[in-house]
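[1] model this:
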Amino acid sequence: MIPNVYSAKPKSFRYAHIYLPIGVLIFLVLFIDSASLAAQWAHTQWLSNVLAFFAYVWLYVSVPRYLRRLMLYGLAVAVFGESLFSLVLEMYTYRLHNIPLYVILGHSLLYVGVYYLAKEPWVKAHRETIVRVLLVAAVGYSTLWLVWGHDLLGFILMVALVGVLRRYVASRLFFLIMFFAVVYLELWGTYFGCWVWPAVWFDTISVVPSANPPSGIGAAYFLYDVGCLWLYKQFHPRQWRILRRIHRHIKISYR
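    Numbering: from 1, shown residues only. Below is the predicted model:
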């Protein structure tokens, strides 16, 4: 039975049935598409794609209408972004030199998962503390990679994220959670050999070395968020004002 996210449950972990399965799914999809399993069976990526597709459908029918629309627009943003950064600019390369379907679908899955984690009552109740801890952790994480892994690209991206968060105070919690959600998937994805980042930026700019993966790549999801909301605004101008209020509220704009 598909869980109903509309129901108001008086407990701290109200949305765990959404973001926890997404976290497990990310691991499973990447493990199935790993280079080691693919060496034994050539069609592992198809299985990962099917698993991600059914998860996308499950989530799509479980969320409110405005989130469904954002999930659909997220597909368009993901196709554009992945095509540009992976196929054209070769900023990173997937195992089969393609763009796996599970990656396109996974962007929306991750987005919604973080969205609901940021909505949790216990997260909202401790918002300021969580933001401070995650911010220090993000800076520390990228700094360590800079010092010991020569990850200048990841550090630059982290600094850019900090700059964005200084401007968009209401979005701090959302993007800091997203930062570490991306760290989670990137570490598994590169460990399993699902994709690889070159040793220098774009495999060309030698003055900007990079780790595999760059520690601050989660900052790129700010562009994904902007793209999804921009498309929503273009196609649903009347609902945009309402959505913007909801969006700010969900991202914990409580001071």
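
[2] Please name the residues that touch L144.
    S215 (Cβ atoms under 8 Å, 6 or more residues apart in numbering). Where C-beta positions appear, they are placed from N, C-alpha and C, glycine not excepted.

[3] so how far is the host helix or strand of it off the chain centroid?
    In the assignment (DSSP states H and E), L144 maps to helix 127-149. Between the centre of helix 127-149 and the centre of its host chain there is 17 Å, according to Cα atoms, centre = their mean, to the nearest Å.

[4] what is the mean pLDDT for it?
    Averaged over helix 127-149, pLDDT sits at 97.

[5] Quick check: next helix or strand after that helix?
    In N-to-C order, the element after helix 127-149 by DSSP H and E is helix 152-167.

[6] Any buried residues in that following helix, and which?
    The neighbour-count check on helix 152-167 (16 or more other Cβ atoms under 10 Å) flags 152-158, 161-162, 165 as buried.

[7] mind listing what's buried in the helix holding L144?
    Using 16+ other Cβ under 10 Å as the test for burial, helix 127-149 gives 127, 130-131, 134-135, 138-139, 141-142, 145-146, 149.

[8] so where do the strands sit in the stretch 51-200 of the chain?
    With DSSP state E, counting those that start in this stretch as the criterion, the stretch 51-200 of the chain has strands at 93-94, 195-196, 200-201.

[9] Which one of those strands lies nearest to F31?
    strand 195-196 (13.9 Å; Cβ to Cβ).

[10] got the contact list for I99?
    I99 sits next to 79, 82-83, 86-87 when contact means Cβ under 8 Å, 6+ apart.

[11] Take these and keep only those in helices.
    Of these, the ones assigned to helices by DSSP state H are 79, 82.

[12] Which among the contacts of I99 count as buried?
    Buried members of those, counted by 16+ other Cβ under 10 Å: 82, 86.

[13] Assumed A211 was part of a helix.
    No. With DSSP: H, G, I helix; E, B strand; the rest coil as the criterion, A211 is assigned coil and is not in a helix.

[14] Roughly how far does it sit from T129?
    29 Å (Cβ to Cβ, to the nearest Å).

[15] before we move on, the earlier item: distance to W195 and pLDDT added to the contacts of I99, as TSV?
    Shown next, in TSV, are the contacts of I99 (distance: Cβ to Cβ, whole Å; pLDDT from 0 to 100):
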residue	distance to W195	pLDDT
V79	16	98
E82	10	97
S83	14	97
S86	8	96
L87	12	96
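
[16] what's the closest of the contacts of I99 to V57?
    V79 (18.1 Å).

[17] picking that back up, tabulate the buried residues of helix 127-149 (CSV), appending distance to S171.
    Below are these laid out as CSV (distance: Cβ to Cβ, whole Å):
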residue, distance to S171
R127, 12
I130, 14
V131, 10
L134, 13
L135, 13
A138, 14
V139, 17
Y141, 19
S142, 19
W145, 24
L146, 25
G149, 28
